[in-house]
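Colleague: let's see this in three dimensions:
(chains A and B)
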There are 2 protein chains.
Amino acid sequence: MDKKEDNRDEEEEQVVNPWEVSSSGGKIDYDKLIDKFGCQRLDQSLVDRVHRLTGRPPHVFLRRGVFFAHRDLNEIMDAYEKGEKFYLYTGRGPSSEALHLGHLVPFMFTKYLQDAFKVPLVIQLTDDEKCMWKNLSIEESERLARENAKDIIACGFDITKTFIFSDFDYVGGAFYKNMVKVAKCVTYNKVVGIFGFTGEDHIGKVSFPPVQAVPSFPSSFPHLFPGKDHLRCLIPCAIDQDPYFRMTRDVAPRIGYHKPALIESSFFPALQGETGKMSASDPNSAIYVTDSPKVIKNKINKYAFSGGRESIELHRKLGANLEVDIPVKYLSFFLEDDAELEHIKKEYGAGRMLTGEVKECLARVLTEIVERHQRARAAVTDEMVDAFMAVRPLPDMFN
Amino acid sequence: MDKKEDNRDEEEEQVVNPWEVSSSGGKIDYDKLIDKFGCQRLDQSLVDRVHRLTGRPPHVFLRRGVFFAHRDLNEIMDAYEKGEKFYLYTGRGPSSEALHLGHLVPFMFTKYLQDAFKVPLVIQLTDDEKCMWKNLSIEESERLARENAKDIIACGFDITKTFIFSDFDYVGGAFYKNMVKVAKCVTYNKVVGIFGFTGEDHIGKVSFPPVQAVPSFPSSFPHLFPGKDHLRCLIPCAIDQDPYFRMTRDVAPRIGYHKPALIESSFFPALQGETGKMSASDPNSAIYVTDSPKVIKNKINKYAFSGGRESIELHRKLGANLEVDIPVKYLSFFLEDDAELEHIKKEYGAGRMLTGEVKECLARVLTEIVERHQRARAAVTDEMVDAFMAVRPLPDMFN
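Modeller: As a prediction, the model looks like this:
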């Protein structure tokens, strides 16, 4: 399944799995990752195809390459073109109370996919995983799952097309049967190869991969997809989740299902620079959706790694190094206006614009997003959470 | 947890775990097993105590040492004596359609315990386990579970005190939460030490021990034992299941529960002789509860290993070897009349009674049991199975 690693190319070792993202070379080499994982690059022709099929402009994250890799996206578009629908599956491990902007990336993108393709969506909250990996109590994991559900709902998902579930609530029945089917097809040696478990890891870790695998199969949701065992599934996620779905895709045909398709994002960089994912243990490494405008401004001014030069004179002469500049990176995620972004990159790169101006622009853009999110989240009631998480049919999910 | 094996005593190697019972020496050495597993011998004083506490004569299986080992039975009797109730937990892996007499042993005994102590009982049908180990389809495992439930119900359990559940039906919710709690406390190396899994075993096997562990904890049954997290549990089972409960007892105090107590039986011997458990793959190795009187008679006459001598003359002179005689063994399980059993052993052992007579007596005893079972099973309707398996409170379970 994995391509053999070419050791000559592995001078800079990088580790990307669901629990660790690091690179001895600092930056993650995404080309190498695509090669190592054996997925495909999401090229312009595929972006154009999504544009054509949905009749709406591709999301910023798609046209700017945030979602940069895929598996079988062409196949799922082929089927869609012939009138065959699919469903979306994404998820979150609820390990913290407040989300940061990086956490929102897959949900913002999934919301776009749901709207553009008019398809149902299941969102898995892996409270069991976080209870086992982060040593949280069951009660605390469940509480965080509900809190995170509020942030997810605040992203604007359509309740007539969306089912959110927590593993502690939902594992059982058809879902558990699929877990057993998957588990039967995967040896311990195989999960060690994929996830790097050791003999001293607890067996909860070894038991978990099937839990994340089975939402890829429509029969895990008998209230949503009865008699639709051949419905295809598309999973938008960050590429660190790829190991779970390599395993899932390996198993799927052996138990009578389509392989899920994937559309995979790069990591949202830390304020301090592009060395992987943000760290939950360092609040100053990220902008949280709970941050106030003042905090956002301070974090950006104080911590956002700048590609600007040491002195104004040098900056005017050489221009900013856009390759390492975090404000520009963040703007390329969140400033929707292509022309404005291009203008900033051009002026800043030529030294005519200073870091302070770019940071001011970023603070304005992020404050707007965060305040909009905060307003939306404040409107999410417990009843709405219950409604999204109710085990129920969704009669209008394909309309 | 396990005692260190004394290698000088291990000239004859014996393997006893949930999937294999064998001994290079032929017969299982139960004393060695007690020593190796670290459980206690169930002595006469404990049998007398059960007699005193329940006010009824101990079951044949208890007074004749079929249930010969235990863990913490004294502790659970101490608590019972002080007015503290407990619940019973036993189970079956539904791997075959028809049960043989050996399969009935734990259920007959559990029925006695339920009646004698007036306590509730949960019976786990591990259809998930059999699906994974025997490579049965989920549908076939579920079907066998229901068929076996009928045989279990036919043993006479009290529906006001008994909850039967299949894992495929019931895993989820509080039960799944306890599975996660247990899994977090057990390393892969630990289950390898206990169960002997290898890297080529599928992860379903590694995931299963918590499933069999958690019925030992009352909170796994919120419809039965709400707010009774400190209710004690007594598990009647064959001693090959001990590894599961050694693991469970190790974990219990770490997650806030009592260690389950155990009362453990030896194995019901095959017709061909005492070399372990009967084999499901050889129908002539056992009497099935579906056998006709004629089949029972033929099997006993043809296959039951006899301790009688080669010739009548020699038999009259030396007497039967009761140590290896299967008809006598079987009678010691199923002939309730102590005086009659003693008479047979005395006359047969002295050579005054011949094998044919003993076999005739055994055929009569077993035919009566099997016919009684067949009548009871024929009366078990699908509605009764549903009623026993309904997730419901049992308001009279302690009366």
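
Colleague: and the residue nearest to A:Ile312 when sequence neighbours are not counted, how far is that from chain B?
Modeller: Spatial nearest neighbour of A:Ile312, excluding adjacent residues (C-beta to C-beta, 6 or more residues apart in numbering or on different chains): A:Leu354 at 7.0 Å. All C-beta spots, glycine's among them, are computed from the backbone N, C-alpha and C. When distance is defined by C-beta to the nearest C-beta, to the nearest Å, A:Leu354 is 52 Å away from chain B.

Colleague: lowest average confidence, helix or strand, in chain A?
Modeller: The helix or strand of chain A with the lowest confidence, counting by mean pLDDT, DSSP states H and E, is strand A:20-23 at a mean of 83.

Colleague: name the helix or strand for the residue of chain A positioned farthest from its centre, please.
Modeller: Taking C-alpha atoms, centre = their mean, the residue of chain A most remote from its mean C-alpha position is A:Glu313, at 40.3 Å. Applying DSSP states H and E as the criterion places A:Glu313 in helix A:312-318.

Colleague: right, and the helix or strand after that helix?
Modeller: Once helix A:312-318 ends, the next helix or strand along the chain (criterion: DSSP H and E) is helix A:326-334.

Colleague: what's stretch A:353-366 in contact with?
Modeller: A:101, A:287, A:293, A:296-297, A:300-301, A:304, A:306-308, A:312, A:315, A:320, A:325, A:327-328, A:330-331, A:334-335, A:344, A:347-348 (C-beta atoms under 8 Å, 6 or more residues apart in numbering or on different chains).

Colleague: swap the cut-off to 7 Å and go again
Modeller: A:287, A:296-297, A:300-301, A:304, A:306, A:308, A:315, A:320, A:327-328, A:330-331, A:334-335, A:344, A:347-348 (C-beta atoms under 7 Å, 6 or more residues apart in numbering or on different chains).

Colleague: in that stretch, what's buried?
Modeller: A:Met353, A:Leu354, A:Thr355, A:Val358, A:Lys359, A:Cys361, A:Leu362, A:Ala363, A:Val365, A:Leu366 (16 or more other C-beta atoms under 10 Å in any protein chain shown).

Colleague: over to the fifth one. Which of the three states is it?
Modeller: Using DSSP: H, G, I helix; E, B strand; the rest coil as the criterion, the local structure at A:Lys359 reads helix.

Colleague: tell me the confidence at it?
Modeller: pLDDT for A:Lys359: 98.

Colleague: name whatever forms a beta bridge with the closest residue to chain B within chain A.
Modeller: At 2.2 Å from chain B, A:Gly172 is the closest residue in chain A, using C-beta to the nearest C-beta. Here A:Gly172 shows beta-bridge partners B:Gly172, assigned using DSSP bridges.

Colleague: quick one: contacts for it?
Modeller: With the criterion set at C-beta under 7 Å, 6+ apart, A:Gly172 makes contact with B:Val171, B:Gly172, B:Gly173, B:Tyr176.

Colleague: distance of the first one relative to A:Gly93?
Modeller: The one in question is B:Val171. 21 Å (C-beta to C-beta, to the nearest Å).

Colleague: the least confident helix or strand of chain A pairs with which strands, and in what direction?
Modeller: strand A:14-17 (antiparallel).

Colleague: now the partner strand: buried residues?
Modeller: So strand A:14-17, judged by 16+ other C-beta under 10 Å, has buried residues A:Gln14, A:Val16.

Colleague: chain B contacts on the stretch 51-200 of chain A?
Modeller: A:128, A:131-132, A:138, A:168, A:171-173, A:176-177, A:180, A:183-189, A:191, A:199-200 (C-beta under 7 Å from any C-beta of the partner chain).
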